[in-house]
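**Student:** For reference, the sequence and a predicted model appear below.
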Amino acid sequence: MAVKKTAVLLMNVGTPDEPKVSSVRRYLFQFLNDQRVIDIPWLLQKILVNLIIVPFRAPKSTKLYQQLWTKEGSPLVVFANSVQEKLEERLPKGDKVFVAMRYGNPSLKVALKQIKEGGFERIILLPLFPQYASSSTGTAVEAFWSAVRKWNVIPDVQVISQFYDRPDFIKAFAERIREQKPEEYDHVIFSYHGLPLRHLDKSHPGISNTTCTCHEGMPAHGTFCYKAACYATSRKLADELGLKPGDYTVSFQSRLSDKWIKPFTDKLLEEQAKQGVKKLLVAAPSFVADCLETRVEIGIDYKRFFTGNGGETLTMVESLNDHPLWIDALEAMVKEKMN
Ligand SMILES: C=CC1=C(C)c2cc3[nH]c(cc4nc(cc5[nH]c(cc1n2)c(C)c5CCC(=O)O)C(CCC(=O)O)=C4C)c(C)c3C=C
Ligand SMILES: [Fe+2]
Ligand SMILES: [Fe+2]
C-alpha cells in the first residue's frame, strides 16, 4: 500500500498570549462564547459572558496567569511545542506534527493553512484530552471540521477521541506519580477538571447524573461519559501503582458553580485535613501538560488551603509534559492510525 504523507495535529484548550488583562480578556471571550462550553441560550450567553463573567473574571485570572508565566511563556504552549518537536523526530521523513490551540495561539487557522498548503494526504487529529468532554475534545473536533469541510480536497482524517484507557498513557502517568514516592504520603487524590452536571446528562441522554453509577464501573451508556472515564482512569492508575481503594480519592476541581461534578477537590482537602491527614499527593490526570489548573490551582492555591486547614504538605504531581514515556505513548497512538 502507498505511504500517505501525514500531518499530525495536536490540539489543546489554549492560553492567553501574555499575562495581561487585555490578552486574558480576549482569550476568555473566545473560550466562554463557545456554545459547547457555556451551553445556555445564545442571547443569555452573550449577555452573561460578555457583560458579567469576562469583565469580572479577566482581572482575577490575569493575577493567576502572572503566577503561572515562565521565562519561556505559558507552560501549555511551551510543552506543546516541545512535544511537537520530539514526536516529529519519531515519525517517517516528510510527516509533520502541528500544534493548535482551540482558543488563541498557536491558532488552528494557521496550522490548517500550513497543512492544506503542505499537500498532506492524511490528517491525524489528536485533541490532548485523555477523557472525552464536549467542552474539550468535542469543541476541538468541531472547530477542525468546520474549517476542513470547506476544503476542495479533504484528505483522510483520523480522530483520536480519547485515550484514558491506553496502557501506554496509564504507564506514563503512573511513572510521574511514582517519581513522587506515593508510599510516603497518607493519601493520594486524583483531581480532574470539573464539568457542569448538565453536560454529563447530555453525554448520556435519559440517565440523570443524580442516579447514574458511573463512579462504580464503566456503565452500559458508554465510555464517552466524562465522569465514568475519570473514575476508570483512576482505577487503572491505582492498579498500576498498587494503590488500594482506601489509599486514594477521585475529585473534581476548577468549578464555576455548585452545579458541577462532585466531590469538589477543595471540599475534599478540607475534609482530609480535618480527619488528620497530614501528607497529600495530588495528581491531575485530565491534563497532559502543566497549566494554570495544575501549577497554580493545585500547586499554590490548594496547597495553601490544605496547610491552612491543618495539613502539613501537599505535593502536586508534575504532568506528562514532554516526558519520554508520554512521547512513546503519542508515537504509538499516531502510528496505529497510520496502518
Ligand atoms: C481537561 C479538559 C478540560 C475541560 C473538560 C474543560 C472544561 C471547562 N473549562 C471551563 C472554564 C475554564 N477553563 C479554564 C482553563 C483551562 N481549562 C482546561 C481544560 C479543560 N477545560 C485547561 C488545560 C485550562 C488551562 C489553560 C491555561 O492557560 O493554562 C479557564 C481559564 C482560566 C480561568 O480563568 O480560570 C476557564 C474560564 C469551563 C466552563 C468548562 C466546561 C464547561
Ligand atoms: Fe477549563
Ligand atoms: Fe455516566
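**Tutor:** Nice, thanks for sending it over. Ligands and ions are numbered 1, 2, ... in the order given.
**Student:** Now for Asp290: which residues touch it?
**Tutor:** The contact partners of Asp290, by C-beta atoms under 8 Å, 6 or more residues apart in numbering, come to Pro75, Leu76, Phe79, Glu318, Ser319, Asn321. Where C-beta positions appear, they are placed from N, C-alpha and C, glycine not excepted.
**Student:** What's the local residue count around Tyr248?
**Tutor:** 21 (other C-beta atoms under 10 Å).
**Student:** All the helices of this structure, in order from the start?
**Tutor:** 21-32, 42-47, 54-68, 75-89, 108-117, 139-148, 167-178, 197-203, 226-241, 265-274, 303-308, 324-338 (DSSP state H).
**Student:** And the contacts of Asp290, which of them are buried?
**Tutor:** Pro75, Leu76, Phe79, Glu318, Ser319, Asn321 (16 or more other C-beta atoms under 10 Å).
**Student:** isn't the second one right next to Glu293, touching?
**Tutor:** No: under the criterion of C-beta atoms under 8 Å, Leu76 is not in contact with Glu293, lying 9.9 Å apart.
**Student:** ok so, going back, need the winner for burial among the helices of the chain.
**Tutor:** helix 226-241 (a mean of 22; mean count of other C-beta atoms under 10 Å).
**Student:** In space, not sequence, find me the middle residue of the protein.
**Tutor:** Closest residue to the average C-alpha location of the chain: Phe287 at 3.7 Å, with C-alpha atoms, centre = their mean.
**Student:** ok, now how distant is that residue from Pro41?
**Tutor:** Here the criterion is C-beta to C-beta, to the nearest Å. By it, Phe287 lies 30 Å from Pro41.
**Student:** before we move on, what about Glu179?
**Tutor:** 47 Å.
**Student:** Check Pro263 too.
**Tutor:** Distance from Pro263 to Pro41, by C-beta to C-beta: 30 Å.
**Student:** just the strands in the stretch 151-300 of the chain please.
**Tutor:** 156-159, 187-193, 248-253, 279-283 (DSSP state E, counting those that start in this stretch).
**Student:** which of those strands sits most buried?
**Tutor:** strand 187-193 (a mean of 26).
**Student:** Which ones among the buried ones among the contacts of Asp290 also lie next to ligand 3?
**Tutor:** Residues of these in contact with ligand 3 (C-beta under 5 Å from the ion): none.
**Student:** For the protein, name the helix or strand with the lowest mean pLDDT.
**Tutor:** helix 197-203 (a mean of 91; mean pLDDT, DSSP states H and E).
**Student:** which bits of the stretch 1-150 of the chain sit near ligand 1?
**Tutor:** 13, 15, 28, 31, 37, 57, 61, 74, 76, 129, 133, 135-136 (C-beta under 6 Å from any ligand atom).
**Student:** between the contacts of Asp290, which is nearest Asp165?
**Tutor:** When the contacts of Asp290 are compared for distance to Asp165 (C-beta to C-beta), Ser319 wins out at 18.5 Å.
**Student:** low pLDDT regions in the protein?
**Tutor:** Counting by pLDDT under 70, the chain has low-confidence residues at 1.
**Student:** Tell me how it divides into domains.
**Tutor:** 6-163+324-338, 180-316 (automatic domain parsing).
**Student:** can I get those domains in TSV with distance to Ala172?
**Tutor:** TSV is the format used below for the domains of the chain (distance: least, C-beta to C-beta, whole Å):
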stretch	distance to Ala172
domain 6-163+324-338	4
domain 180-316	9
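**Student:** what's the closest of the ones you listed to Phe169?
**Tutor:** Closest among those, using C-beta to C-beta: domain 6-163+324-338, at 5.0 Å.
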